[in-house]
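Peer 1: Output the structure for:
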Amino acid sequence: MMIREGLSNRILLWAITLVGLIVIYAPPLYLLAVSFNPALQPGLPSLSDLSVQWYLALPKETALMAALQQSALIATVTAFLATGMALLAALAYFELRAQRTAWFLAVILPMFVPGVIQGLALSAVFTRTGIKASSLTVIGGHLLWAMPFAFIVILTSFAAVRRSYLVAASDLGATRWRQFVDITLPLIRPGLVSAFIFSFLLSLNEFTRAFYLAGRQNTLPVVLFGKMNSGASPVIYALSGAIFMVSVACVAFIAIRSVVAKATPGTGQERRS
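Peer 2: Numbers count the residues shown, from 1 in each chain. You can find the predicted model right below:
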């Protein structure tokens, strides 16, 4: 009887999970399929009608390409800053004792602020202080959005750093800097890479904050929003499909890297200890 109940619970759990995955991934997968449709109207193509003509037409869309370059530049700078600041915040977290919870909540607080409120508030502050909307203001808004996520990812990777490693290095005369470079940094490197990629993707696809903070050269999501309102072009579906595939590839890279890291025997630091 217990076996049947356990089997029923697993079937129900997998069924709910499958329904959830369908709800989440059906829209972007539909958009991806539409991007290979040579017809002008969006619709699912048959296997014999699959075409990449709209992908080949992308380089001719100068406005979209300029927006893509702008978004890629903003996302890269945001990813570097978010990863570096999140690393410092994670190091501070492990140095704190009684104030750890307060510090953790303070760092992740921007994650729970709605994008509309955060973008509007930052726009008002920048306007009052005489700062003109530009790529820098967009980076500031995206940084507040991406840094908490990078902080959580890096904080998770610190599980691989055992205090005994640092104590042993200290006993051997290693300074705090050498402990960080030789022990901590190699162990958390997968987390740093994951945090960078997540921050890049969050910035690249962020619309709400960029809508309030962008200058004359809008980011890609803002340009796509404007073009969709003025009449969708098949090229938009192609560009959206390309971004979706790149995003999936980045996340798959992170997942595979995590699996490989777990399956790999102990690092050099672990073997020496």
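
Peer 1: What lies in contact with stretch 109-124?
Peer 2: With CB atoms under 8 Å, 6 or more residues apart in numbering as the test, stretch 109-124 has contacts from 133, 137, 140-141, 144-145, 147-149, 206-213. Where C-beta positions appear, they are placed from N, C-alpha and C, glycine not excepted.

Peer 1: Can I get the buried part of the residues you listed as one ChimeraX selection?
Peer 2: One line in ChimeraX is enough to select the buried ones among these; burial here means 16 or more other CB atoms under 10 Å:
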select :137,140,141,144,145,147,148,149,206,208,209,210,211,212,213
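
Peer 1: Show the low-confidence segments of this protein, by residue range.
Peer 2: Applying pLDDT under 70 to the chain flags residues 1-5, 38, 40-43, 48, 229-232, 258, 261-273.

Peer 1: what residue is smack in the middle of it?
Peer 2: Nearest residue to the geometric centre of the chain (CA atoms, centre = their mean): Phe198, 2.3 Å.

Peer 1: mind listing the helices for the stretch 1-150 of the chain?
Peer 2: All helices of the stretch 1-150 of the chain, identified by DSSP state H, counting those that start in this stretch, fall at 2-34, 53-56, 62-95, 100-108, 115-128, 135-157.

Peer 1: Deepest in the core, which of those is it.
Peer 2: helix 135-157 (a mean of 22; mean count of other CB atoms under 10 Å).

Peer 1: Could you report the separation of Arg189 from Phe196?
Peer 2: As judged by CB to CB, to the nearest Å, Arg189 and Phe196 stand 11 Å apart.

Peer 1: Tell me which of the two has more neighbours.
Peer 2: Phe196 (24 against 15; other CB atoms under 10 Å).

Peer 1: Would you mind naming the helix or strand containing that one?
Peer 2: Element membership of Phe196, judged by DSSP states H and E, is helix 185-204.

Peer 1: rewinding a little: residues touching the residue nearest to the centre of the chain, list them.
Peer 2: Listed by CB under 8 Å, 6+ apart, the contact partners of Phe198 are Ala146, Phe149, Ala150, Val153, Ile254.

Peer 1: rewinding a little: reformat the helices of the stretch 1-150 of the chain as CSV; add distance to Val167.
Peer 2: Shown next, in CSV, are the helices of the stretch 1-150 of the chain (distance: least, CB to CB, whole Å):
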stretch, distance to Val167
helix 2-34, 43
helix 53-56, 55
helix 62-95, 14
helix 100-108, 20
helix 115-128, 42
helix 135-157, 20
